[in-house]
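Asker: no letters, just coordinates:
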């Protein structure tokens with residue numbers, strides 16, 4: 001809105017100047033007027049670049065970042081998002097005449113870089129916990145002014161693919177406290193303490209590579225097999241034909257927007273159906289996850 005208003009005001013100024021110039025041609029100039037409307041006008045300012053701060057937090061996230069809307073706070077104050085890193089587009093990406101847009105190769109590359117930086121910051125693969133991040137780029141005006149940065153913005157969630165949660169501490173090293181654990185699964189995954197009776201547990205992430213979002217629903221057999229491999233590694237059981245008789249599988253994946261941004265991680269869970277256990281099965285081996293022939 002600020003940019004639209006600015007253009008409207010500029011239009012009014014130009015129209016008014018044109019009318020005054022026309023009237024000045026038709027008669028004598030008033031005292032003190034020299035007939036040159038532009039010789040005392042201030043030069044139009046060049047577009048100015050700006051760069052956001054690292055280690056700052058904010059109440060909201062915008063994928064296009066305008067300087068006028070940038071209101072960082074210290075991370076020990078109430079906030080929802082945290083700037084983990086500020087990096088720069090280089091090469092052909094920096095030579096663009098406009099900021100990289102959603103779905104562009106340049107923005108996907110920035111997402112991949114942010115993913116690595118976020119995982120390092122939180123202490124492990126961020127997809128293993130209740131976390132989400134987005135990539136913010138400069139506004140078109142900021143890009144015109146020379147800004148070539150992108151910002152990695154991180155938030156904690158209230159569950160898998162949940163809503164952002166406000167906090168008063170940074171997320172550095174926070175993965176351990178936000179890591180997914182055990183669930184009771186009926187029609188949906190309901191988080192529960194692993195010490196209480198439950199029939200499902202998060203075991204890790206299968207990376208779907210270049211798989212398109214549209215093809216996911218037709219890949220049940222492939223995803224189930226891949227997730228059983230993740231389960232076998234997590235529980236420490238053989239990844240052979242018997243794995244099908246040891247456990248069922250529950251999985252989920254990100255929204256299409258997040259998938260298109262770069263998150264191709266399918267989250268895998270072991271599922272015991274009607275059976276319940278009262279501890280984590282991580283490293284439990286064949287005794288913890290026996291073959292069920294019936």
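Answerer: Thanks, I have it. In this text the structure is predicted, and so the values were computed from the model without any measurement.
Asker: now do the domain split for the chain, please.
Answerer: Domains of the chain are assigned by automatic domain parsing as 57-165, 180-288.
Asker: redo these as a markdown table? Include mean pLDDT.
Answerer: Shown next, in a markdown table, are those (pLDDT from 0 to 100):
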| stretch | mean pLDDT |
| --- | --- |
| domain 57-165 | 97 |
| domain 180-288 | 97 |
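Asker: including distance to residue 171 and mean neighbour count, could those go into JSON lines?
Answerer: From N, CA and C alone the C-beta is placed, and that goes for glycine too. Below are these laid out as JSON lines (distance: least, C-beta to C-beta, whole Å; neighbours: other C-beta atoms under 10 Å):
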{"stretch": "domain 57-165", "distance to residue 171": "6", "mean neighbour count": "18"}
{"stretch": "domain 180-288", "distance to residue 171": "16", "mean neighbour count": "16"}
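Asker: compare the ones you listed and give me the one nearest residue 174.
Answerer: domain 57-165 (5.5 Å; C-beta to C-beta).
Asker: can you give me the first-to-last residue distance of the closest one?
Answerer: 13 Å (C-alpha to C-alpha, to the nearest Å).
Asker: and for stretch 148-163?
Answerer: OK, stretch 148-163 end separation, C-alpha to C-alpha: 30 Å.
Asker: how far does that stretch sit from its chain's centre?
Answerer: Taking C-alpha atoms, centre = their mean, to the nearest Å, the mean C-alpha location of stretch 148-163 is offset from the chain mean by 5 Å.
Asker: what's the answer for stretch 275-289, then?
Answerer: Taking mean C-alpha positions (C-alpha atoms, centre = their mean), stretch 275-289 and its chain are 34 Å apart.
Asker: and it, end to end?
Answerer: Stretch 275-289: ends 11 Å apart by C-alpha to C-alpha.
Asker: what ranges do the strands span in the stretch 101-250 of the chain?
Answerer: 131-138, 149-157, 164-165, 182-185, 189-192, 200-207, 248-252 (DSSP state E, counting those that start in this stretch).
Asker: any chance of those strands in TSV, with distance to residue 121 too?
Answerer: Formatted as TSV, these follow (distance: least, C-beta to C-beta, whole Å):
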stretch	distance to residue 121
strand 131-138	10
strand 149-157	7
strand 164-165	17
strand 182-185	26
strand 189-192	24
strand 200-207	18
strand 248-252	24
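Asker: from residue 119, how far off is residue 233?
Answerer: Going from residue 233 to residue 119 by C-beta to C-beta, to the nearest Å gives 19 Å.
Asker: thank you, goodbye.
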